[in-house]
Each structure stands twice: as structure tokens, then as C-alpha cells.
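*Asks:* I would like to see how this sequence folds:
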Amino acid sequence: MQLASERLRLSRHPCSLAPARPVQPRPDRSRPSAAAAAMRLLIALDGSAASEHLVESVAAAVRLSPDDEVHLASVLPPPVVAVPPSPVATAAAVTAVLAAQEQQARVDEARARDVLQSAAKAAMDAGVPRARVHAHLLPAAGGASGVGESVVEFVRARSVDVAALGSRGLGSFQRSVMSLVGLGSVSDYATHHMPVPVLVVRPRAHAKGAPPPPLPSPDKHRVVVLAVDDSVHSSHALDWAAAHVTDPRDELHVVCVALPAPYPVSPILDETSATVAAVEASEWRDSAARSLSYARELAERAAARAAEAGRSARGRVVARALAPEGGAGDVGAALVGYAGSVQADLVVVGSRGMGSVKRSVMGFGGLGSVSDYLVHHLSTPVLVVKGEAGALPREAAHAAGAAEAARAADASG
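*Replies:* Numbers count the residues shown, from 1 in each chain. Have a look, this model is predicted:
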């Protein structure tokens, strides 16, 4: 497919940095009188299995419209420096090395252009006009972080509203080993450093030699799972999803996992006594019941907010509280299990935006990132909405502070 240069711009470098423009919520597209505001979307592709059918999956997850502006980006691999076998760098040897590098660069660029051409066709097939589809070849600094840095820089330069990329679905051990040689997860890097919401899509698995499963239709009835808690980041994720992702055709499940209740242990009472054991068990059950009740209250409150936002029909909003288990991994496992049970098409979760050191320290204590767990373990697309505490709405920050005070009062009581 030949694309006109004036309609599909293919740039080698990101534009100069521009001030970020405020993100405006898209009006309800089910109402004919509402003029939908455009959303600027970046889809990063690399030609791997992780980016196969990525545009179609993104179109179904966020419901692309003709008003949206789609930027397709492919990051070129860093140049490979070949060392000639001769100990003396003769003019002929240097010329041969440079020629090989230029040839490899042309091959890499041609491959990336083919990927972008196919992705552009998929975006137009999804209903985005050709004039609103743009393709870019970006340079890489090298390794996974270099690719991630190029994508993050582009997002900042173009004031993108949401970024989407595929994930190879590496296991935790393989991710750690690959990161040691600079080939770690680009989706991890983007999720942790991107200043905008990130949609991570895992490759659709199918048996070798068999045709892939059918792509989800953008017009089908969707099941969206929104994971909430009492943090300001969760409140921001709910508001963002209600304004940009959900609509009256969706079935929205607002889910909150209750905090684990510690088992009471007294240093002065006889733990071998049946009476003491019965009292402690009763206290633990009461504490677990209070935790589950609080989670149910949070889920119902968030579901009411989502319904009032007008983006989901009130009868299609479901509030669920899941039993406490303990640790970020178990919280994530509970959400993964629930998303699978309802056959979710999209999972939305807020992120605290912790730095790498804090994430590692919290992970050792079993309190790591729930959003990381979902990205690594869910086959469903995951939308991670991260917000800096200082930039979040004052009302949300106040609500989070009140919730924290309520938890402290409950603990002291």
C-alpha cells in the first residue's frame, strides 16, 4: 500500500519537545449531539509476535473513533559495531565495516517501514481516517531502556494522551536475566516511566500452525474490570477510565481486594489455652469481616461514581469485593482470577508510580506493584493509569487522606 507523504508522515526523529496539552475527556459518543474530542494515541511496534495484531487489539480496547489521532512508532535498533579480524584498521577494513553497517541500517529501516505500513492499514480499517494516521521511525539508544527512552521522549514531545505497546510475556526469571544485558522488558520500562496511561497488550496465543483466534470487534459488548482501592491514584484511574474508556455499551466491574487481616498474637497470654485460641480466632474473623466490608464499601462507592459519570449504564455497573489474602502478588492473583472468571476484555488499574529502588524494597516485603503483577500475568489488555500525587485533583487527594485517617482510627480501635 503506497501512502501519501502529506497524509502519513514518516519521520526519523521525534519532534522538539512541546509543552504538554491538557487531556480533555471525550464526550459520550452514544449521544449524536455530543462532539467527541480527539484523543492522541501512540502505538509502539517492533514487528515481533508481541506487536502482531496490536493495532486491532488497541482499537477494540479503547474503541478508536474517526476523531482520534493515531501515531504509529517503530524504534530502529542501535547500529552494530563490527570489529574487523585484522589488528590493523586499514582503509579497506574500515570501508568494509561502514558499508556493512549502512547495509544493515537499510535492512532495518525497510523492515520497520513494512511494519508501519501494515499497522497504518489496520488503523484505517478500524475507522481512523488516513489524514489522522501518522508513522514515525525513532532512533534507539540501545537495549530495552534505550527503546523505552525513545518512546517516552516521543510521548512527551507529541503530548500523547495514551500509549499502547505489546508485551512478550517473559517470566520473572527470564526478565531478570535479559535485563542484565540491557534487553529487559520495554513494556516494564514504559509502564514505570511513561507520564501518561499505558495500555499493555499480550500476544494472542494460539497453537503452532493453527490460525489465530478471531480479533475482538470494537462494536462488541465489552466487559471492563476496574481495580480500585482507597488511594488517590485509584481515584484518578477511575475518573480517567470513566472519561476516556468506558461507554454505555460496556459492562463495568468495579473490584476491590480487601486488605489482609493479621492474626492476633498475644505475648502475655497462654497460646496453648483453648479459650485464648478461640478468642484470637474470633478477633481475626471480626477483623477480616471489617476489612471485607470496607472493601465492599469502596467498590460500591466507586461504582456509583462511575455510573454518575454517565459513561456506563447504571444497570451494567457491578461492584465486587474480593476476600483478603495478603501481599501484592496475592492481591494481583485475586484480580487475575476475577478477570478470568468474567472473561474481561480490558482491565484498568491505577499505579502509585514508585521508583525502581522503592519497588524493589517493597517487593521483598510482599508489597510490590499490583499493576506490574497484572501486566505480567494477565492475557487481557491492561491499562495502567499513573498519576503523580502533586498533580492529581485536590478532591481525590482529600478523599484519600480521609480514608487513611479512617483506617488509622479503625486500627487504633
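*Asks:* residues in contact with Ile43?
*Replies:* Residues in contact with Ile43, defined by C-beta atoms under 8 Å, 6 or more residues apart in numbering, are 54-55, 58, 70-73, 119, 123, 163-165. For every residue, glycine as well, the C-beta is placed using N, CA and C.
*Asks:* secondary structure class for the closest residue to it other than its chain neighbours?
*Replies:* Excluding the flanking residues, the one nearest Ile43 by C-beta to C-beta, 6 or more residues apart in numbering is Ala164, at 4.9 Å. Assigned by DSSP: H, G, I helix; E, B strand; the rest coil, the conformation of Ala164 is strand.
*Asks:* Repeat that for Leu64.
*Replies:* When the structure is reduced to helix, strand and coil (three-state DSSP), Leu64 reads as coil.
*Asks:* Okay, it and Ser379: tell me how far apart.
*Replies:* Here the criterion is C-beta to C-beta, to the nearest Å. By it, Leu64 lies 21 Å from Ser379.
*Asks:* Which residue ranges of this structure form helices?
*Replies:* 54-62, 91-125, 143-158, 172-180, 186-193, 232-244, 274-308, 327-341, 356-364, 370-377, 394-412 (DSSP state H).
*Asks:* Need these in a markdown table (columns: mean pLDDT and mean neighbour count).
*Replies:* Formatted as a markdown table, these follow (pLDDT from 0 to 100; neighbours: other C-beta atoms under 10 Å):
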| stretch | mean pLDDT | mean neighbour count |
| --- | --- | --- |
| helix 54-62 | 87 | 24 |
| helix 91-125 | 87 | 15 |
| helix 143-158 | 80 | 21 |
| helix 172-180 | 40 | 12 |
| helix 186-193 | 81 | 24 |
| helix 232-244 | 88 | 23 |
| helix 274-308 | 84 | 16 |
| helix 327-341 | 83 | 18 |
| helix 356-364 | 39 | 12 |
| helix 370-377 | 87 | 23 |
| helix 394-412 | 46 | 12 |
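*Asks:* May I see those arranged in JSON lines, with distance to Val255 as well?
*Replies:* Written out in JSON lines, the entries for these read as follows (distance: least, C-beta to C-beta, whole Å):
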{"stretch": "helix 54-62", "distance to Val255": "18"}
{"stretch": "helix 91-125", "distance to Val255": "31"}
{"stretch": "helix 143-158", "distance to Val255": "29"}
{"stretch": "helix 172-180", "distance to Val255": "24"}
{"stretch": "helix 186-193", "distance to Val255": "20"}
{"stretch": "helix 232-244", "distance to Val255": "11"}
{"stretch": "helix 274-308", "distance to Val255": "6"}
{"stretch": "helix 327-341", "distance to Val255": "6"}
{"stretch": "helix 356-364", "distance to Val255": "22"}
{"stretch": "helix 370-377", "distance to Val255": "11"}
{"stretch": "helix 394-412", "distance to Val255": "17"}
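*Asks:* Show me the one of these that comes nearest His221.
*Replies:* Nearest to His221, of all the helices of the chain, is helix 54-62, at 11.6 Å by C-beta to C-beta.
*Asks:* so who does the residue nearest to Ile43 touch?
*Replies:* With contacts defined as C-beta under 8 Å, 6+ apart, Ala164 is in contact with 41-44, 54, 58, 61-62, 198-201.
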